[in-house]
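**Q** Need a 3D model of the sequence below.
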Amino acid sequence: GTGMRAADAVEAQAFTRFFDLPEDGGHRYVGSVKANLGHLLAGAGMPGLIKILLSFKHRQIPPTPLSDRPRSGLGLRSAGLVVNQELVQWEGPARLRAGISGCGFGGTNAHIILEAPPEPAPSDGSPRSSSLWMITARTETALRQTAAALANRVQTTPLRGWSDLCFSASTARAPFAWRAALVGDDDLPGRLLALARGESRDSTWQGTTAGHQRPRVAFVFPDVGHVAQGQQLCRAEPALLRQYDNVISAWPHGPETQNPGAYAQELAFQVALARLVTAWGVQPEAVFGYGLGELAAACVAGSLPNVAALGLAQYREGLTASPEAKAQATEAAAPTECTGPRIPWLSAVSGDWVGNQGLDASHWRLWLAEHCDGSAAIDRLTADHQFNLLLVIGQAGELESRLCTASNVAPDHPFTIESLLPAGRAGLHGLYGAVGRIWVRGVPIDRRAIEKEWSSRRVPVPSYPFERPSFWVEAVTGAEAAVLDKQVPGIDEWFHEVV
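**A** So this is what the prediction gives:
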């Protein structure tokens, strides 16, 4: 209560009328946080809420200070209510309950009943070959201290709990300027300790976004050659498999239709991979592809429906047919509609940006009839100087050297090429590594979206290593002190006379 004789009595009477004696002969405990903090007026209810939540967490009821001499006449014991003077272990059901009453001076009262949350279910322990750790801090020193604290926590956490710790450490804070990303495996503690010491290790990247603008990202789709890698990655990442199924499901089914070939599967994988990283927060400002990648770019840009793109990919796979059969196939396969792109799309066939009016069927007939390596479009992409991060949706291969040696690359306009399927790093390790590297460079990543398929839960993580500088006030001496003494009134002048 408020500590006033009348108010406490009224509240006590309300309790005794509402509560009967417990059937088991036990006690119901009642206390007041005002005994700890005093009356906080408009903020008086919040400390009580915090006190109850902490009591839920520790399953303990703290004592109420200065309650060794309870006021007579309250009658609390008639309802089994006790003001405890010592710490009490809170025995009871798994879902504890407590009430809070906030009574205002003006008669505006608030009452809430709280129930302890259920115990969090343990992680399902789904095996994952790799995990992406994203660590951030305001300074390089704080970043290293955070890595050291996480290394100590990892060493005392069972392997089964690393996924929860990774998720919590990567989502507990807003991204700051200093960042580090690493792909965790069995050597995770060693990599974190190396990061804390400022040492470079494999699959660990760090940097700062201070003084740099957010990278402008363009998706680049290569030609064929990723079916095996795509199948392996789909087995490791459920979200990618679902995106792939969404694309390939547009393939027409029937007794006379054949199964999608390697080109159609390749196309579906590229589109699915692009949509996956987009769902993870990577928003492209332009798309470009050559060969089969032209179809993937058109799909991601929103110009070409999946069913038409899959049909074109299937026809492209039959290029060994005779010219007459190829012409007939081209005429039958070319879609009648290709709307304007929602994302700027640079066509490898025309070497120019596709306008809002879209493209007609002749564009796709030309794409089927001729092999275009996209050289003109690559020169245009690098000449525009708009994009400083080219994200290859697949394996870069010879595409990287072509982009770096394009005729219009300007020395004063450096750009970075990242591949989602880097050579030598298959599966989740390579994908997570690429996502981590572009995040270190400043590309926003939705870390929660990455973990959506893995049922990770929040667990306590080491607190932020605040760097607390001291700002001591130096003592003033000599002539300056004498001047201040004359300006500051004496203590006798600090108070007003009582009228």
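**Q** State the helix or strand in which residue 110 lies.
**A** According to DSSP states H and E, residue 110 maps onto strand 109-115.
**Q** Direction included, what does the following helix or strand past that strand pair up with?
**A** Counting by DSSP H and E, the next helix or strand C-terminal to strand 109-115 is strand 131-137. Strand 131-137 has its sheet partners listed here by DSSP bridges as strand 178-184 (antiparallel).
**Q** Please save the CA atoms from the partner strand in CSV.
**A** This file holds the C-alpha atoms of strand 178-184, laid out as CSV (Å, rounded to 0.1, in the frame of the first residue of the first chain):
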residue,chain,number,x,y,z
TRP,A,178,32.3,-2.5,-36.4
ARG,A,179,31.3,-6.0,-37.5
ALA,A,180,32.6,-9.5,-37.7
ALA,A,181,31.1,-12.6,-39.3
LEU,A,182,32.3,-16.2,-39.0
VAL,A,183,30.9,-19.5,-40.0
GLY,A,184,31.0,-21.8,-37.0
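**Q** could you give me the average pLDDT of that strand?
**A** Across strand 178-184, the average pLDDT comes to 93.
**Q** Repeat that for stretch 191-207.
**A** Mean pLDDT, computed over stretch 191-207, is 91.
**Q** do the same with stretch 9-23
**A** 72.
**Q** Which positions in the strand holding residue 110 come out as buried?
**A** Neighbour counts over strand 109-115 (16 or more other Cβ atoms under 10 Å) mark no residue as buried. Where C-beta positions appear, they are placed from N, C-alpha and C, glycine not excepted.
**Q** any weak-confidence spans in the stretch 251-400 of the chain?
**A** 253-257, 319-337, 370-371, 384-385 (pLDDT under 70).
**Q** Which element is encountered next along the chain beyond the longest helix belonging to the chain?
**A** For the chain, the helix with the greatest residue count under DSSP state H is helix 262-279. Next helix or strand after helix 262-279 toward the C-terminus (DSSP H and E): strand 286-289.
**Q** Taking helix 262-279 as reference, get the angle to the following helix or strand past that next one.
**A** Sequence-wise, the next helix or strand downstream of strand 286-289 (DSSP H and E) is helix 292-301. Angle of helix 292-301 versus helix 262-279, following axes from the mean of the first three to the mean of the last three Cα atoms, to 10 degrees, is 40 degrees.
**Q** Mind giving me the packing neighbours of helix 292-301?
**A** The helices and strands touching helix 292-301, judged by 3 or more Cβ pairs under 8 Å, 6 or more residues apart in numbering; DSSP states H and E, are strand 217-221, helix 262-279, strand 286-289, helix 306-316, strand 345-347.
**Q** what comes into contact with the shortest one?
**A** When you say that, I think you mean strand 345-347. 286-288, 294, 297-298, 301, 303, 352-354, 359, 363, 377, 380-381 (Cβ atoms under 8 Å, 6 or more residues apart in numbering).
**Q** buried sites along it?
**A** Result for strand 345-347 [16+ other Cβ under 10 Å]: buried residues 345-347.
**Q** same question, the second one
**A** Taking 16+ other Cβ under 10 Å as the neighbour-count basis, helix 262-279 is seen to contain the buried residues 263-278.
**Q** coming back round to it: closest to residue 390 out of the helices and strands packed on helix 292-301?
**A** Ranking the helices and strands packed on helix 292-301 by proximity to residue 390 (Cβ to Cβ) places strand 217-221 first, at 5.1 Å.
**Q** In the sheet, which strands lie alongside the closest one, parallel or antiparallel?
**A** As assigned by DSSP bridges, strand 217-221 forms pairs with strand 286-289 (parallel), strand 389-392 (parallel).
**Q** who touches the last one?
**A** With contacts defined as Cβ under 8 Å, 6+ apart, strand 389-392 is touched by 215-222, 277, 282, 284, 381, 399-400, 403, 415-421, 434, 438, 441, 443.
**Q** The same query, at a cut-off of 7 Å, please.
**A** 215-220, 222, 282, 399, 403, 415-420, 438, 441, 443 (Cβ atoms under 7 Å, 6 or more residues apart in numbering).
**Q** Quick one, which of the residues you listed are buried?
**A** Judged by 16+ other Cβ under 10 Å, buried ones among the contacts of strand 389-392: 215, 217-220, 222, 282, 399, 403, 415, 418-420, 438, 441, 443.
**Q** so what's residue 271 up against?
**A** Residue 271 touches 247, 296, 299-300, counting by Cβ under 7 Å, 6+ apart.
**Q** Residue 432 now?
**A** Shown in contact with residue 432 (Cβ under 7 Å, 6+ apart): 130, 132, 183.
**Q** Helix, strand, or coil at it?
**A** helix (DSSP: H, G, I helix; E, B strand; the rest coil).
**Q** Skipping adjacent residues, who's closest to it in space?
**A** residue 132 (4.0 Å; Cβ to Cβ, 6 or more residues apart in numbering).
**Q** ok, now residue 61?
**A** Using Cβ to Cβ, 6+ apart, the closest residue to residue 61 is residue 88 (4.4 Å).
**Q** Ok, residue 47 next?
**A** Using Cβ to Cβ, 6+ apart, the closest residue to residue 47 is residue 33 (4.6 Å).
**Q** how many neighbours does the one you found have?
**A** Residues near residue 33, counting by other Cβ atoms under 10 Å, number 21.
**Q** Contacts only, for it.
**A** Neighbour list for residue 33: 47-48, 51 [criterion: Cβ under 7 Å, 6+ apart].
**Q** Please report the distance of it from residue 63.
**A** Distance, residue 33 to residue 63, by Cβ to Cβ, to the nearest Å: 12 Å.
**Q** Over to residue 204?
**A** Here residue 204 is placed at a distance of 49 Å from residue 63 (Cβ to Cβ).
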